[in-house]
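Coordinates for the following, if possible.
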Amino acid sequence: MPTLRSLRLALLVALCLVVAAVAGGCGSGNSSSFPDGGADGSTTTGATDASLHDSGGTSLLVDGTTPTGVLAISPLHPAITVPYGTHAPTVTFKATSGGVAVAASFTIDLAHIGTMSASTGVFTPGGKLGGTANVTATFGAQKATTTVSVTVTQVDNGAPVGLDAGGGIGGNGGVGGAGPGGKVSAAGQTVLKGTPIADTGLAWLYPYDKTVWPRGLLAPLLQWQPGAVGAYDAVYIHLQEKGFDYQGFFGAPATPFVNHPLLQAAWDALSFSNQGDPVAVTLVFSSGGKAYGPLKETWTIAQGTLTGTVYYNSYGTALAQNYCCTSAGAQFGGATLAIRHGATSPTLVAGSTGGAGQCRVCHSVAARGATLVTQHGDNYQASSAYALTAGNAETPMPTANNFGFAAISPDGTFLFTNGGGSLPATSADPVSGLFSIPSGAPIPSTGLPAGLGGATPSFSPDGAHVAFNYYTSDQASLAAIDFQQATSTFSNLQTLNTPASGTRDLFPAFLPTSDAVIFEHEVANDGEFGATRNGSRGELWWVDLKTHNAVPLATLNGAAYLPTGGTNHTADGTLDYEPTVNPVASGGYAWVVFTSRRLYGNVATQDPFLSDPRDYDPSASATTKKLWVAAIDLNAPPGSDPSHPAFYLPGQELLAGNSRGYWVVDPCEKAGQSCETGDQCCTGYCAAADGGSVCGAQPAGCSTQGNKCTATTDCCGASSGVQCIDGFCAASTPR
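Sure, this is the predicted structure:
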């Protein structure tokens with residue numbers, strides 16, 4: 001399935017202007033408020049611009065007389081329904097002053113839903129996206145405003161002709177399944193839209209109810225457990241929100257009929273039309289001329305777009321062969337791969353075909369996307385640094401120290417070594433320290449307690465803290481220490497959590513706010529420290545640096561609702577490991593990436609610990625060892641559960657075992673290059689331009705969400721909850 005980047009770039013104008021509507025301003029820093037009510041229910045305010053003036057600057061009517069009364073706009077709050085791809089019906093807005101028509105100038109603040117003629121007041125819907133926009137009439141020193149609401153309706157009967165499903169090692173659409181089905185007859189559609197009959201055992205498998213999705217993601221694969229009837233021949237997919245209504249009718253693309261994708265065009269229209277209202281999802285199935293169901297869920301669309309790249313390690317990848325052999329006798333590979341934003345399959349970053357010396361898997365990545373460090377498969381003391389901003393150029397590092405599982409500084413110039421000597425695939429010195437990248441030269445520091453060994457460490461996005469398993473204390477507790485890069489000084493070592501006997505805390509990852517940590521709470525193991533195999537079980541927890549109140553992310557872990565099935569999937573809520581966090585907050589959420597061995601619907605169902613390619617055939621069946629993502633509420637109260645149900649990360653290799661994903665910022669784009677958010681730009685600013693948005697200089701006034709900041713006061717909407725988080729303006733709470 002194509003990336004549709006061009007569509008998303010065009011939609012950036014919409015995202016920017018949504019901020020303007022909520023927070024005031026869109027790059028320019030100018031804002032309008034409408035405190036005074038007009039007699040007809042519109043709102044008015046003073047303005048600095050004028051339309052028709054006499055020599056003294058007084059606004060005049062067309063006939064040359066002076067207007068009287070309050071400026072009013074009509075019609076008030078019109079709502080129209082627009083078939084997808086069409087530009088009708090239009091709405092003509094008029095302005096009056098004292099009941100007399102005036103030649104006002106008209107504007108709209110959400111250009112993606114339609115265009116406004118400044119002189120005639122005619123609003124023409126764009127036909128692809130819906131939503132509610134503010135319409136403003138300006139006449140002299142007066143302004144009046146109302147809203148226009150557009151609901152786009154889209155109907156698909158089978159997949160469009162020529163649709164590219166994007167099949168590859170990431171699976172159809174980057175999510176797997178058999179791809180979209182064919183057309184459904186008119187009679188079949190009537191059946192599907194009738195009153196369905198309950199089918200005992202029919203149930204959702206994926207996605208989960210109450211999932212929070214970001215914008216800019218590939219469309220998910222809908223998966224279900226058939227009921228007693230089972231042999232369904234078609235499905236009706238109905239998505240409803242205020243600005244978009246979708247009906248999809250699809251025949252069964254394969255037997256058994258147990259999953260079906262959302263088409264990408266519909267998913268993008270749904271995502272970018274959403275303004276924070278819930279999405280109602282309904283599935284109805286047909287068999288033998290009868291309808292069965294319905295299955296219903298409710299989703300949330302975060303009001304923010306995720307970009308960047310996820311780097312992860314893969315065992316059993318088809319992109320390199322450096323080990324022998326699978327259960328079928330074939331070569332397989334161990335390598336580090338990357339999922340680019342919008343891609344349906346990963347690409348090879350580190351590792352190549354050859355012997356075990358070409359294996360590259362145990363890795364760490366700098367939050368700003370500059371550097372990756374990974375171990376060599378034939379010698380775990382050996383590591384290489386990869387310059388991600390210079391064509392992934394490899395530089396071998398010295399073997400005197402083990403750099404596996406290290407914490408890399410956000411800028412990628414140095415690392416803090418892993419001090420967990422018994423971590424699988426390591427023989428690390430149990431003393432942690434600072435080393436330069438790629439030279440491996442020691443960096444003198446002060447304040448680090450003598451002999452301290454911090455296992456599976458990570459830096460905070462602002463570089464001011466390092467969190468780790470306190471290996472040299474008890475190999476169980478979670479700790480953190482403050483750090484000043486300018487002087488290489490450590491201070492304020494503190495234990496964040498000491499878990500119950502027989503469990504341990506490890507693999508910490510900071511939230512973008514740098515004041516709290518998500519970590520793996522290992523509840524069972526077979527004697528290996530930090531393993532995810534051979535029966536090891538984990539949950540994800542979080543703790544803040546101030547109160548040290550550590551609690552499970554119960555909703556993310558999902559023990560209360562995860563489906564059971566497949567082989568030995570009766571406790572999938574304890575199969576979550578190795579969290580990392582996207583350093584960029586979006587839509588009021590942080591986004592955590594983690595390894596899980598849970599069921600992926602009915603696509604990956606084999607035994608959760610069957611992931612070594614030497615024990616199965618990765619060319620024929622999918623292991624459940626995969627990457628998942630979940631939204632975490634920013635600024636949640638300590639001790640609460642700020643998590644939401646997770647979703648499968650699209651674009652990862654479908655049949656291979658995947659783990660330890662880092663979602664990081666891409667190398668920055670120069671001025672004039674296309675962008676979606678400011679974190680993509682070397683300048684830090686992405687601004688609307690003709691036909692899309694481009695990287696550029698700092699605009700006048702405040703920074704909109706996604707653009708650069710140094711303090712919260714730099715951000716548009718600072719008074720309504722927008723904050724400067726890790727250098728970029730972002731909503732501080734979900735919206």
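
from here on, contacts and neighbour counts on C-alpha atoms
Noted.

where are the low-confidence patches of the stretch 101-250 of the chain?
165 (pLDDT under 70).

which stretches of it form strands?
Applying DSSP state E, counting those that start in this stretch to the stretch 101-250 of the chain gives strands spanning 105-108, 114-116, 122-125, 131-139, 142-157, 203-206, 212-215, 221-225, 234-241, 244-251.

what's the longest one packed up against?
Put plainly, it is strand 142-157. strand 43-46, strand 71-74, strand 79-83, strand 131-139, strand 244-251 (3 or more CA pairs under 8 Å, 6 or more residues apart in numbering; DSSP states H and E).

Recalculate using a threshold of 6 Å.
strand 43-46, strand 79-83, strand 131-139, strand 244-251 (3 or more CA pairs under 6 Å, 6 or more residues apart in numbering; DSSP states H and E).

what's the domain layout of this structure?
Following automatic domain parsing, one gets these domains for the chain: 1-31+671-735, 32-150, 158-305, 309-426+435-664.

Comparing those by mean pLDDT, which bottoms out?
The minimum mean pLDDT among the domains of the chain belongs to domain 1-31+671-735 (a mean of 69).

Name the residues that touch stretch 611-628?
With contacts defined as CA atoms under 6 Å, 6 or more residues apart in numbering, stretch 611-628 is touched by 316, 325-328, 593-597, 604, 608, 647-649, 655, 657-658.

So for it, what gets flagged as buried?
For stretch 611-628, the neighbour count (16 or more other CA atoms under 10 Å) marks 611-614, 616-619, 622-628 as buried.

Please apply the same query to stretch 378-395.
Neighbour counts over stretch 378-395 (16+ other CA under 10 Å) mark 380-388, 392, 394 as buried.

Ok, stretch 716-733 next?
So for stretch 716-733, counting by 16+ other CA under 10 Å, buried means 716-718, 721-733.

what do you get for stretch 433-450?
For stretch 433-450, burial by neighbour count (16+ other CA under 10 Å) applies to 433-438, 440, 448.

possible to save those residues as TSV with distance to residue 192?
TSV is the format used below for those (distance: CA to CA, whole Å):
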residue	distance to residue 192
433	64
434	63
435	63
436	63
437	60
438	61
440	64
448	67
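
Just the ones of those residues in helices?
Of the buried residues of stretch 433-450, none are assigned to helices by DSSP state H.

ok, these vs residue 523, which is closest?
If you rank the buried residues of stretch 433-450 by distance to residue 523 using CA to CA, residue 433 comes first, at 28.6 Å.

quick one, helices of the stretch 501-650 of the chain?
Ranges of helices within the stretch 501-650 of the chain are 554-557, based on DSSP state H, counting those that start in this stretch.

any chance you could map the strands in it?
504-510, 516-524, 537-544, 551-552, 576-581, 589-596, 626-633, 647-648.

what comes into contact with the third one?
Meaning strand 537-544. Residues outside strand 537-544 that contact it (CA under 6 Å, 6+ apart): 516-524, 549-553, 574-577.

quick revisit: include distance to residue 668 when you put the strands of the stretch 501-650 of the chain into JSON lines, please.
Shown next, in JSON lines, are the strands of the stretch 501-650 of the chain (distance: least, CA to CA, whole Å):
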{"stretch": "strand 504-510", "distance to residue 668": "22"}
{"stretch": "strand 516-524", "distance to residue 668": "27"}
{"stretch": "strand 537-544", "distance to residue 668": "31"}
{"stretch": "strand 551-552", "distance to residue 668": "35"}
{"stretch": "strand 576-581", "distance to residue 668": "19"}
{"stretch": "strand 589-596", "distance to residue 668": "20"}
{"stretch": "strand 626-633", "distance to residue 668": "24"}
{"stretch": "strand 647-648", "distance to residue 668": "27"}
